[in-house]
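Asks: Let me see the structure of the following:
(2 chains)
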Amino acid sequence: MMSDMSMTEVAAGSAGRTWRRMRANPTMLIAVTVLLAVLLFALIGPMISPYDPYETALRMRLKPPSAAHWLGTDSQGRDLATRLMYGARTTLMLGLAGVTFAALVGGTIGLLAAFYSRLDNPLMRLVDVMLSFPSILFGLSLAAMMGPGLDSLILAIGLSIMPGIARISRGAALSVMAQDYIDGGRVIGLPDRTLMSRYLLANAYAPILTYTTLAFGDAVLLAAALGFLGLGLQPPTAELGSIAAEGRSFLFIAPHVSFAASALIFLIVLPVNMLGDALRDAADRRAS
Amino acid sequence: MNDFAVARGSLGMRARKPSRLVPFALTAALAAAPLAVSAEGTVTLGRTLDADRYDPHRSSALAAAEVLQMIGDTLVTLSPDQKTVLPELAASWDVSEDGLTYTFHLKDGVTFCDGKPFTANDVVGTMDRWLKPDAPHVSTWRAGEVDSVTAADDLTVVYKLKVPSSNLLYQMANFNFIMIDPDQAAALGDDFGVTGFNGTGPFCLDSWKPRDEVVLTKHDGYNWGAPELGNAGPAYVDKVIWKIVPEAATLVATIPAGEVDASYTVPKWAIAQFEADPTVQILTPESSYRTSYIGFKTSRPFMDDIRVREAVAHAIDQEAQAEALYFGLAQPTESYFAKNVLDYPADTDTSAFTYDPEKTKELLTEAGFTMGADGIWEKDGQPLKLTYYGFNEALSLDIGQAVQGDLAKVGIALDVENYDSTAIWGKLREETYDLYEMSYPYVSAGDALNLYFNSASIPSPNRMMWNDPETDKLMAAGNAAITPEDRAAAFEELTRHVHEAVLWKPTVEETPIVIAGPRLEAFVPAGLSGAVFDSGLNLKLK
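Replies: Down below sits the predicted model:
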């Protein structure tokens, strides 16, 4: 039991150090600020917007930004700012759900592969096959095969992101497996389940978490890309990719629609990637 | 003309809207590289799509029709208002009293591009090839139920039917009836219309680079065109190049730049901008018929009730669609086909197709629906939730969302599903949706009625699943009518009947709009099947 306690302390201690290092990093602060602003926009915005994101008004379509409609209106005459608030919500939710699914499945596969060496080959070769497809292509094929719908979309995004996480998770777990305390745990007769959760996961989670943060950006981008290509959630659901796609036909007469949607995708993905980079740097420095 | 004069005289107006010119400059810069202004005597026509082959018996695509109309001729053609049949390769014709035998007297001196004379045997060979059983040939229904096509002499063709076909001469103006060189078709086999096409048209096929360009050269000595359509021949220009410009926005920029002389595939949003450009001409056909509609699947629960169909029809605002989605370049309509086509009776009751959301509520109440707690009508515990199929294409996506928005306002939930143009035709054959979106060209009421409403056309193109003996009876009577009066009586009655049944919500009527650059003389585009440049005989450089 002593060893358990100390393991947890080490983990908490290293997380705290990482956070202090990140705080000293200005890029990090910018990233966090932008991301928080986007989150506020997506979560609080819908409560204060006076417009219905779904009520169409064709004769008001493609109007440029004005006092009544701060970002103008879309191709159905709906308030674009309101559509973007709901759209950001949907896209963030899809990204989060996709990446959570990917982390759970990919993390488990990696840990299993590292822990049971006989599973290593079959599992990782499967992951290799999945990795050999670019994630956008993989996601596209899955979404096209399963048809439109929330479940299939999350599954498509999750499965496309998953192989990378499985790889990282296996790598991290393998280095932990080489540690003496794993053998120690085995010697005192701890069951596999305890060894995996208390020893293996508790010490291998940091790189998995870092990579998952980075992958969240990819997941958001993939969700938007599928929406842009018409394989995402069906209309009238607001989703950033499909809003950008709707505006594309009118790029020359109403560029604000596509521009605003694309800018918002950018404002989500860039800070997430910056955040991920900073997390990785912080973790790297700790490792070195 | 007034529009152009205003734009020319008011530079101030242009200066206030500089943003309108920016896209042109942008796309011109992007598009400038591959094309150059056409040579003297050459007209370049721009379009976004190519055809898979140029064989009148194997294609139903407009992209094939518009080239084939230039390199081939039909026995007869239609006047600009599409109501009168005119001679083309046939100088005249007689129809027997029983309506079963058509005798065509061909023009003398007609030759193919390779110099071979065109005779009655070529007509026989053309029809034999088209109607050959089990061949991959399309649209053979247009030929009627053919008994035999024979050559009485070099210039006389006898076309015998098993049952009369009142629409036959109108159908014969269609590009599927273009006369081919049967010897060449036999020699080339599968490559016919790909590596070569020997026709009798005002132009000859010179070369085809798929998805790039089709080059046509003038057919010397051509003089057998219909004078009623303008120039009877020979062509004014030496060469016509059909250029593929896949990105519509790029095409928009090539016309003022003079790289493309004319096109009708420019997007709607660009037309308003062209109206402000004095160097560009905007041309429209005298008549051209294409109607867009939302079809109702009458075999589905809810949709089998005519009151529900009418309720849905009243909820959709076709005027807002015409004004906003088509940028005012389409006419809102309340009939399945244009009111000025042959055999449309003026007393057709189209009151079911007005935009009147209040009427929707009345009809649904009358049909036993009550408003549910979630704002959706329901009956026997079932919410009024319908499924809609549309195309995964810009305008179609907008139409789907507009219909969804309109129905949401009256408390009808609509699930919109959009499919790619390759997948949708299969999906539309299924029994899995209630509403669908479509647009179609036609020349007359009889043409439109035959295409859609016959029970033999279930499940496609009769996607309404309209299985009605009265419809079939009137259709047969109209088709088999020998006199124009009998035909009109039957088709007019049928027109009234199918409108009363509320099988579609007609939305807009569209006319193709040709944008022509500064090099080209103004001309009247043709309306037939949407091939606006028709034979190319009226294309003339300034």
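Asks: in the stretch 351-500 of chain B, what residue is nearest chain A?
Replies: Closest to chain A within the stretch 351-500 of chain B is B:G405: 2.8 Å, counting by CB to the nearest CB. For the C-beta atoms, the positions are set from N, CA and C on the backbone; glycine is no exception.
Asks: Tell me the residues of chain A that contact chain B?
Replies: A:54-56, A:58-59, A:61, A:75-77, A:148, A:230, A:234-236, A:246, A:249-253 (CB under 8 Å from any CB of the partner chain).
Asks: Throw together a PyMOL command that grabs the buried residues out of the residues you listed.
Replies: Buried residues among the residues of chain A next to chain B (16 or more other CB atoms under 10 Å in any protein chain shown), as a PyMOL selection:
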select buried, chain A and resi 54+56+58+61+75+76+77+148+230+234+235+236+246+249+250+252+253
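Asks: Which of the residues of chain A next to chain B fall in strands?
Replies: Counting by DSSP state E, these place none of their members in strands.
Asks: quick one: stretch B:357-377 near chain A?
Replies: No - Stretch B:357-377 stays clear of chain A (CB under 8 Å from any CB), getting no nearer than 11.8 Å.
Asks: in stretch B:321-341, what's buried?
Replies: B:321-327, B:329-330, B:332-338, B:341.
Asks: which one is the closest residue to chain B within the stretch 1-150 of chain A nearest to, not counting chain neighbours?
Replies: Of all residues in the stretch 1-150 of chain A, A:T56 sits closest to chain B, at 2.8 Å by CB to the nearest CB. Setting aside the residues directly before and after it, A:T56 is nearest to B:G405 in space (CB to CB, 6 or more residues apart in numbering or on different chains), at 2.8 Å.
Asks: Quick check: the one you found is in a helix.
Replies: Yes - counting by DSSP: H, G, I helix; E, B strand; the rest coil, B:G405 is part of a helix.
Asks: pretty sure it contacts A:D52?
Replies: No - shown here, B:G405 and A:D52 do not form a contact pair, counting by CB atoms under 8 Å, at 10.3 Å.
Asks: Which one of the two is surrounded by more residues?
Replies: B:G405 (23 against 13; other CB atoms under 10 Å in any protein chain shown).
Asks: Show the backbone phi and psi for the residue of chain B most remote from its centre.
Replies: For chain B, the largest distance from the centre (CA atoms, centre = their mean) belongs to B:A373, which lies 44.9 Å off. Note on B:A373: backbone dihedrals following degrees, to the nearest 10 are phi -60, psi -30.
Asks: Name the helix or strand for B:M438, please.
Replies: Following DSSP states H and E, one finds B:M438 within strand B:435-441.
Asks: in its sheet, what does that strand sit against?
Replies: Applying DSSP bridges, strand B:435-441 is found paired with strand B:290-296 (antiparallel), strand B:385-391 (parallel).
Asks: That strand: what's the following helix or strand?
Replies: helix B:445-452.
Asks: Go through that following helix and flag the buried ones.
Replies: Buried-residue list, helix B:445-452, by 16+ other CB under 10 Å: B:445-450, B:452.
Asks: tell me the mean pLDDT over that helix?
Replies: Per-residue pLDDT values over helix B:445-452 give a mean of 91.
Asks: Residues contacting that helix, please?
Replies: With contact meaning CB atoms under 8 Å, 6 or more residues apart in numbering or on different chains, helix B:445-452 is reached by B:141, B:166-167, B:170-171, B:291, B:336-337, B:341-344, B:440, B:442, B:457, B:461-462, B:464, B:475, B:478-479, B:487, B:491-492, B:494-495, B:498.
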